[in-house]
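Chemist: Prediction below, plus the sequence it came from.
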Amino acid sequence: MRLLLISLLVLACFNSFAQQPFRTWTNAKGTTMNARYLTTANGMVKLQARNGRVASIPIAQLIETDQAYLKSIQVPGARPATPATARPVPRGRPTITNLKEEIQLGPTYFKVTHSDHFIILSTGRNGRNFAKNAETVYAATAEILPKLDETFDNNGSPLQCAAILIEESDDYEAFLYWYIQDLQKRGAESEAKRTAALGARVGKMGISLSDSDRETVGADFQPIALFSPGGSRNGKEDLDPFRTHVFAKQLLNIHAGNSLQLPFWLSNGFGYRMEIVLCDQTRTHMLDYSKYESADEANSVGEIITSQSFADGSKWISILKKLMRSTKGQKGDIEAVLNADVANLTPERCGYMFALSHYLLADPGQQQKYAAMIEHARGSGKAPDLISLPGSFSFSSKEKMEEAWHSYLKGSKFR
């Protein structure tokens, strides 16, 4: 009899972790979704639709029948939330399709790859790998920002953002020339000058197509990520740190909304944190504008030096740890990090910028506060600043937050 009871308990535990059946879920507004239960954490339930798409829904918004069902299938010791340093829980295999038709933008013809949340235009054969990378980043970002799915939801059909991948230098120069002329025709002179100054020197930049060209592409969001031949050099890999950085930034900015301009430290810091989580290293080289000579004060950019101080994807963290222990090294000033931009970026400030985001996203508790901070920024239309940031993470002052951050950087979790 005792053996039978133990066997029944084991079987019950096994069934509780087995895949749940598909059923219809309904929220308080009457919206339905045919999906199966995955897991719950922090008042949210994750459901997987038949197409593999995963949605995070507040349990309190479900009808009573669905809430009762959740109670009936859950047991003590349910699966914990994904740790900050672990790879995100798979959301199901994304649907990736190479279209037969090509798209022409200016002088360039592109092959088209569609995935659940992205449209990839490519001049070569790497569109599918870029789409895989992009969807992996989407899943990881949605783990941190549960409401990202709402941003991309269009009555059950996900919206899509876009990226353009040009793999040959001649094609890239021709496309860039066309795009600059198009900007000038639209009266966007300052953006045209910025593109002319930076377009040939960086691995990626954000571009804003005309409404008609955006409709041709089918993208629901601007800006569109444009990868240069240098930025797409690892196109054959399914997961690349540089692409991961770019897609993470793109998703964060899209979620924040076009009306809210996220500060440099926040969007770039998020990109670097996602590189570490997904790729176990960072490879994106930030531009060092310490020598920033401008012939035209308005928009032209003079000589740009590419910093190699953090070129090794695994060493920049150890460099910062040495700075923290050194009596000569700057210990990391939150105010300096929050004021970072392309005009004052140095390798040291760049490293501390990444390290702050590392700390802000260190564990599930921090991630909840981070997500709440982003949602507050979306609602208020005001980006986090030196006044609001400490309070968002339960600190009474900048000094208290700085003390906790420095302690984190010296500890074993910062790696």
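Modeler: Cool, the structure landed.
Chemist: Phi and psi next, for F227.
Modeler: phi -100, psi 130 (degrees, to the nearest 10).
Chemist: tell me which element the residue nearest the centre of the chain is part of?
Modeler: In the chain, the centroid-proximal residue (Cα atoms, centre = their mean) is A248; its distance is 2.0 Å. In this assignment (DSSP states H and E), A248 forms part of helix 241-256.
Chemist: Remind me what that helix packs against, helices and strands.
Modeler: helix 127-144, helix 148-152, strand 161-165, strand 204-207, strand 224-227, helix 264-279, helix 364-380 (3 or more Cβ pairs under 8 Å, 6 or more residues apart in numbering; DSSP states H and E). Every residue, glycine included, has its C-beta placed from N, CA and C.
Chemist: So what's the gap between it and the chain middle?
Modeler: 4 Å (Cα atoms, centre = their mean, to the nearest Å).
Chemist: Who are the contact partners of S396?
Modeler: With contacts defined as Cβ atoms under 8 Å, 6 or more residues apart in numbering, the neighbours of S396 are P390.
Chemist: and it, that's in a helix?
Modeler: No: membership of S396 in a helix is not supported by DSSP: H, G, I helix; E, B strand; the rest coil, which gives coil.
Chemist: any idea how far R415 is from it?
Modeler: Note on S396: its distance to R415, by Cβ to Cβ, to the nearest Å, is 29 Å.
Chemist: What is the burial count for G124?
Modeler: Using other Cβ atoms under 10 Å, G124 has 16 neighbouring residues.
Chemist: gap between it and F110?
Modeler: For G124, the distance to F110 - Cβ to Cβ - is 10 Å.
Chemist: next one: phi and psi at K382?
Modeler: Dihedral angles (degrees, to the nearest 10) for K382: phi -120, psi 120.
Chemist: how many other residues sit next to it?
Modeler: With other Cβ under 10 Å as criterion, K382 counts 11.
Chemist: let's have the chain start at 83 instead
Modeler: Yep, numbering from 83; the last one is K464 now.
Chemist: ok, now which ones touch it?
Modeler: So K464 contacts L342, S470 (Cβ under 8 Å, 6+ apart).
Chemist: how close does it sit to P345?
Modeler: Relative to P345, and taking Cβ to Cβ, K464 is found at 11 Å.
Chemist: Can you list the low-confidence ranges for the stretch 183-332 of the chain?
Modeler: Confidence mapping of the stretch 183-332 of the chain against pLDDT under 70 gives the ranges 284, 312-320.
Chemist: got the buried residues for stretch 105-123?
Modeler: Going by neighbour count (16 or more other Cβ atoms under 10 Å), the buried part of stretch 105-123 is W107, M115, A117, Y119, L120, T121, T122, A123.
Chemist: Cross-check the contact I'm expecting between the second one and S138.
Modeler: No: in this structure, M115 is not within contact of S138 by Cβ atoms under 8 Å, at 11.8 Å.
Chemist: quick check: domain ranges of this protein?
Modeler: The chain breaks down by automatic domain parsing into domains covering 99-155, 175-340, 342-376+389-497.
Chemist: which one of those has the most crowded surroundings?
Modeler: domain 175-340 (a mean of 19; mean count of other Cβ atoms under 10 Å).
Chemist: okay, how far is it across it, tip to tip?
Modeler: This stretch, domain 175-340, spans 29 Å end to end (Cα to Cα, to the nearest Å).
Chemist: Tell me how far it lies from the chain's centre.
Modeler: The answer for domain 175-340 is 13 Å, by Cα atoms, centre = their mean.
Chemist: Could you identify the longest strand within the chain?
Modeler: The longest strand of the chain (DSSP state E) is strand 114-123.
Chemist: packing partners for the helix or strand that that one is followed by?
Modeler: Where DSSP H and E defines the elements, the next helix or strand beyond strand 114-123 is strand 126-131. Contacts defined by 3+ Cβ pairs under 8 Å, 6+ apart place strand 126-131 against strand 114-123, strand 136-140.
Chemist: Least reliable of those strands by average pLDDT, please.
Modeler: Lowest mean pLDDT within the helices and strands packed on strand 126-131: strand 136-140, at a mean of 76.
Chemist: what sits up against it?
Modeler: 107, 109, 115, 117, 120, 125-131, 173-174, 221, 224, 228-229, 231, 235.
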